[in-house]
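**Q** A predicted structure for the sequence below; I have some questions about it.
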Amino acid sequence: MLRALTAAKGVFLAASVFLLCLTLALHWVTFDLDFYESKYEWLAVPESLQVDMPTLMGYTTALLDYLAGRRDTPNVETTVRGRMGPLYGERELLHLVDVRVLYALSWRIRNIALIAALSLSFAAYRTRSLKRVLSAYVATTAAIVLGLLGLTGLAVLDFPRYFTWFHLISFDNDLWLLDPATENLINMFPEAFFAAAALRIAITAVVAFTLLGIVARQASKRLPPMSRGSLKP
């Protein structure tokens, strides 16, 4: 029974660290303005909206401030494709409300994952089971990484399908189905933008998670059985 509980600690520790890596990667990519500028150039978004890059980056900054809770609305008055008025219409604004809710949830998940990882690590140290917990952690990390690599490969092969599934799971409405002929949000962020962002998030999270797994494996090798955490000299 005790051995099973120790293994469970390792499994939950790996899950917590993975969620921490994933949410940190999500936030890093989401709020990296250089990433937006490079993808806007690649996708010719300024030409599509008929605005210059500094103006487009101003729209982006307003949107990111809104997602971060530093602004009440992402909307700005502008002239896009020769039309003056608000940047986003009603459906776009309602969809962005849903998106901000998801980001608020991601910050809560990050905080809970961090607390869980620290608590489990401390508990393993206090109960002198750190070596066995790390062994279970490393095995679970390897399984998660293999699963993630498989999912990433499937997503690369058919991103539109998984992108649709993500929206169907995450939202209980069809506000994410926007019309590029009339709505600016979909022109600022076409599907190819999200494909690039998702790939960068996945690679960042997997690399960070894998490196932490390697560190844990090396630490586990150096810890004596029933150790409180002190390394061999």
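**A** Structure received. Residues are numbered from 1 along each chain as shown.
**Q** nearest residue to the residue sitting nearest the centre point of the chain other than its sequence neighbours?
**A** Taking Cα atoms, centre = their mean, the centroid of the chain lies closest to Leu26, which sits 2.5 Å from it. Of all residues not flanking Leu26 in the chain, Ile201 sits nearest, at 5.5 Å (Cβ to Cβ, 6 or more residues apart in numbering). For glycine as for every other residue, the C-beta is placed from the backbone atoms N, C-alpha and C.
**Q** related to what we said a few turns ago, check for me that the residue nearest to the centre of the chain belongs to a strand.
**A** No. With DSSP: H, G, I helix; E, B strand; the rest coil as the criterion, Leu26 is helix rather than part of a strand.
**Q** quick one: low-confidence ranges for this protein?
**A** The chain contains residues with pLDDT under 70 at 1-2, 225-233.
**Q** how close does the residue nearest to the centre of the chain get to Thr204?
**A** To Thr204, Leu26 is 9 Å away according to Cβ to Cβ, to the nearest Å.
**Q** one step back: pull out the buried positions in the host helix or strand of the residue nearest to Leu26.
**A** In the assignment (DSSP states H and E), Ile201 maps to helix 191-222. By neighbour count with 16 or more other Cβ atoms under 10 Å, helix 191-222 contains the buried residues 193, 195-198, 200-202, 204-206, 208-210, 212-213, 216-217, 219-220.
**Q** other SSEs contacting that helix?
**A** For helix 191-222, the elements it packs on are helix 2-30, helix 33-43, helix 130-157, helix 159-170, judged by 3 or more Cβ pairs under 8 Å, 6 or more residues apart in numbering; DSSP states H and E.
**Q** orientation of that helix relative to helix 130-157 in degrees?
**A** 160 degrees (axes from the mean of the first three to the mean of the last three Cα atoms, to 10 degrees).
**Q** renumber starting at 700 from here on
**A** Sure thing, new numbering starts at 700, so read that last one as helix 890-921.
**Q** and helix 890-921 with helix 701-729, angle?
**A** Using the same axes, to 10 degrees: helix 890-921 against helix 701-729 is 140 degrees.
**Q** quick one: the helices and strands packed on helix 890-921 as CSV, columns for distance to Val750 too.
**A** Formatted as CSV, the helices and strands packed on helix 890-921 follow (distance: least, Cβ to Cβ, whole Å):
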stretch, distance to Val750
helix 701-729, 22
helix 732-742, 10
helix 829-856, 31
helix 858-869, 26
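**Q** same for the top helix by length along the chain, what does it pack against?
**A** Assignment by DSSP state H gives helix 789-825 as the longest helix of the chain. Judged by 3+ Cβ pairs under 8 Å, 6+ apart, helix 789-825 is in contact with helix 701-729, helix 752-766, helix 829-856, helix 883-887.
**Q** where's the second one relative to the chain centroid, distance-wise?
**A** Just to be clear, that refers to helix 752-766. Between the centre of helix 752-766 and the centre of its host chain there is 20 Å, according to Cα atoms, centre = their mean, to the nearest Å.
**Q** buried residues in the helix or strand just after it, which are they?
**A** Next helix or strand after helix 752-766 toward the C-terminus (DSSP H and E): strand 776-779. The neighbour-count check on strand 776-779 (16+ other Cβ under 10 Å) flags Thr777, Val779 as buried.
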